[in-house]
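Mind looking at a prediction? Sequence and model below.
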Amino acid sequence: MEHLVTSNLRLGIIAGGQLAKMLIQDASKWDIATYVLDGDEHCPARSIATGFQQGSRLDPEAVYRFGKAVDFLTFEIESIHAEALKRLRDEGLPIAPDPSVLELIQDKGHQKEFLRRQGIPSPSFRLFGGRDEVLRALASGGLRLPFVQKLRKGGYDGRGVVVVDHEGDLANLLDGPCLVEDRVEIHKEIAVTAARNRHGEIRCYPVVEMVFDPRANLVDHLVCPADLTEGQTRAAQEMAASAAEALRIEGLLAVEFFVDRRGQVLANEMAPRPHNSGHHTIESVVTSQFEQHLRAIFGLPLGSTHLKLPAVMINLLGAEGYEGPVRYQGLTESLALEGVKIHLYGKKTTRPFRKMGHVTVIAPTVEEALERARRVKELIRVVS
């Protein structure tokens, strides 16, 4: 496949956020020309892409026109017009991961049914047509509190999810096709990224533990390696690899899991792309998730996923009470700390809890990395 790694190859990336930007940074090392489709003319990836087309990823004609202008297509988000991708694929455009994988993962109900068919443990669930059906099931005794409601389509970064612990929470139920799953008593939330190429080679990254900001329902920070038993680590990696193989994915598959109070590992959700839970790999793993995605989609040998040093990754989120042109405080002081690597995404405006960048802290031990990460969190503020 060496002929693919050349400036003559036009790699198209649908959506131009920070994931696309970091993917382009690795693609440039192989002299690959990159083109981005995004509705925002100021999206982070535009500043370093070879070419840019403004248009909605949900507009079938915009997606189709973009696909006809490139030689190979991939994506950095799930909310894309899948029918347009299938049309391009059927006309001979290489697309990885395949649009059929994207279509399955776009629907959380289909995701859960897939996991059940594969025998991968996950919280018990039921599918409903909308809010009224959920309420009728409760009234008839067919459904009981507590539970979690998730819209089947469109949810992202905590949106489209409602936790119902008490009757008073029912007022927050969302309307639309949804799944309702058992409320898990969560001990930890973890994630594994698996990579698979067209030859069936699969490699898994070390398991990470994710710690969420309860106000924004976003990852505040993650720790790698996760503090788990050998059995839990093995189970999570085996389930991620099994899902990647069953999907016959070409690219990355990030799988998020719950570890419940009994120590059982339960699959939660999947994403067929580079993922926030893998940003630390840029510094801490031999092969970053972004290089690995390129290796996988082009059918190249997968790179080593050996952890060079323990790492803590912090999401830089817009501070509460600030909205407007972005300013960063505390960068100089943070860079004075050993092992601190700062990534700013290039978003020009901030708002509360918007992902504006991340910091990876690497150290000889997890404890040292956590201590430096705590200092960085005290120092850096994203304001306007």
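Great, that's in hand.

now the helices for the stretch 1-150 of the chain?
18-27, 60-68, 82-90, 99-106, 108-117, 131-140 (DSSP state H, counting those that start in this stretch).

Out of those, which is closest to residue 150?
Of all the helices of the stretch 1-150 of the chain, it is helix 108-117 that lies closest to residue 150, at 5.3 Å by Cβ to Cβ. Glycine gets a C-beta too; all of them are placed from N, C-alpha and C.

Return the distance of that closest one from the chain's centre.
18 Å (Cα atoms, centre = their mean, to the nearest Å).

How about stretch 214-224?
The answer for stretch 214-224 is 13 Å, by Cα atoms, centre = their mean.

Counting neighbours, which bits of it end up buried?
Neighbour-count burial for stretch 214-224, counted by 16 or more other Cβ atoms under 10 Å, picks out 216, 218, 219, 220, 221, 222, 223, 224.

hmm, back to that, tell me which of the helices of the stretch 1-150 of the chain sits nearest to residue 193.
Going by Cβ to Cβ, the one of these nearest residue 193 is helix 18-27, 12.4 Å.

Contacts for that closest one next, please.
The contact list for helix 18-27 (Cβ atoms under 8 Å, 6 or more residues apart in numbering) reads 11, 13, 34, 36, 38, 43-45, 47-49, 74, 76-77, 273-275, 279, 282, 288, 290-291, 293-294, 343, 345-347, 355, 357.

Just the buried ones from those?
11, 13, 34, 36, 38, 43-45, 48-49, 74, 76-77, 273-275, 279, 282, 288, 290-291, 293-294, 343, 345-347, 355, 357.

list the contacts for the residue lying closest to residue 233 once chain neighbours are set aside?
Spatial nearest neighbour of residue 233, excluding adjacent residues (Cβ to Cβ, 6 or more residues apart in numbering): residue 207 at 5.3 Å. The contact partners of residue 207, taken as Cβ under 8 Å, 6+ apart, are 190, 191, 192, 224, 225, 226, 228, 232, 233, 236, 237.

before we move on, the earlier item: do you know which of the helices of the stretch 1-150 of the chain lies nearest residue 160?
Nearest of the helices of the stretch 1-150 of the chain (Cβ to Cβ): helix 108-117, 8.5 Å.

Buried residues in stretch 338-354, which are they?
Result for stretch 338-354 [16+ other Cβ under 10 Å]: buried residues 339-347, 350-351, 353-354.

which of those sit farthest apart?
Farthest pair in the buried residues of stretch 338-354, by Cβ to Cβ: 339 and 351, 29.8 Å.

for the stretch 101-250 of the chain, what spans make up the strands?
125-128, 147-151, 161-164, 178-182, 186-196, 202-204, 208-213, 218-224 (DSSP state E, counting those that start in this stretch).

Just checking: what are the partner strands of the last one?
Each strand that strand 218-224 pairs with, and the sense of that pairing, follows from DSSP bridges: strand 208-213 (antiparallel), strand 311-317 (antiparallel).

what angle do that strand and strand 186-196 make?
Orientation check (axes from the mean of the first three to the mean of the last three Cα atoms, to 10 degrees): strand 218-224 against strand 186-196 gives 70 degrees.

Domain ranges for the protein, per the record?
Domain assignment for the chain by automatic domain parsing gives 2-95, 124-182, 186-383.

between those, which one is nearest to residue 103?
Nearest of the domains of the chain (Cβ to Cβ): domain 2-95, 4.4 Å.

show me the contacts for the residue sitting nearest the centre point of the chain.
By Cα atoms, centre = their mean, the chain has its centre lying nearest to residue 275, at 3.0 Å. Residue 275 makes contacts with 19, 191, 193, 252, 254, 289, as judged by Cβ under 8 Å, 6+ apart.

I'd like the distance between the residue in the chain sticking out farthest from the centre and residue 37.
Residue farthest from the centre of the chain, counting by Cα atoms, centre = their mean, is residue 140 at 37.4 Å. The gap separating residue 140 from residue 37 is 47 Å, by Cβ to Cβ, to the nearest Å.

Helices of the stretch 251-384 of the chain, residue ranges please.
For the stretch 251-384 of the chain, the helices defined by DSSP H, counting those that start in this stretch cover 281-284, 289-297, 331-335, 366-379.

deepest of these, which one?
helix 289-297 (a mean of 25; mean count of other Cβ atoms under 10 Å).

Relative to the whole chain's centre, how far out is that one?
Worked out by Cα atoms, centre = their mean, helix 289-297 lies 14 Å from the chain centre.

Then stretch 171-185?
Chain-centre distance of stretch 171-185: 21 Å, with Cα atoms, centre = their mean.

cool, stretch 191-201 as well?
15 Å.

Residue ranges in the stretch 51-200 of the chain under the pLDDT threshold?
The model of the stretch 51-200 of the chain has pLDDT under 70 over residues 157-158.

Once you drop chain neighbours, what's closest to residue 183?
residue 146 (3.9 Å).

is it possible to export the buried residues of stretch 214-224 to JSON lines including distance to residue 317 and pLDDT?
Shown next, in JSON lines, are these (distance: Cβ to Cβ, whole Å; pLDDT from 0 to 100):
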{"residue": "216", "distance to residue 317": "7", "pLDDT": "78"}
{"residue": "218", "distance to residue 317": "7", "pLDDT": "85"}
{"residue": "219", "distance to residue 317": "9", "pLDDT": "91"}
{"residue": "220", "distance to residue 317": "8", "pLDDT": "92"}
{"residue": "221", "distance to residue 317": "11", "pLDDT": "95"}
{"residue": "222", "distance to residue 317": "14", "pLDDT": "97"}
{"residue": "223", "distance to residue 317": "18", "pLDDT": "98"}
{"residue": "224", "distance to residue 317": "20", "pLDDT": "98"}
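
Identify, from those residues, the entry nearest to residue 61.
Once Cβ to Cβ is applied, the member of the buried residues of stretch 214-224 that ends up nearest residue 61 is residue 218, at 32.9 Å.

does that closest one really touch residue 353, like I thought?
Yes - counting by Cβ atoms under 8 Å, residue 218 does reach residue 353; the two are 6.2 Å apart.
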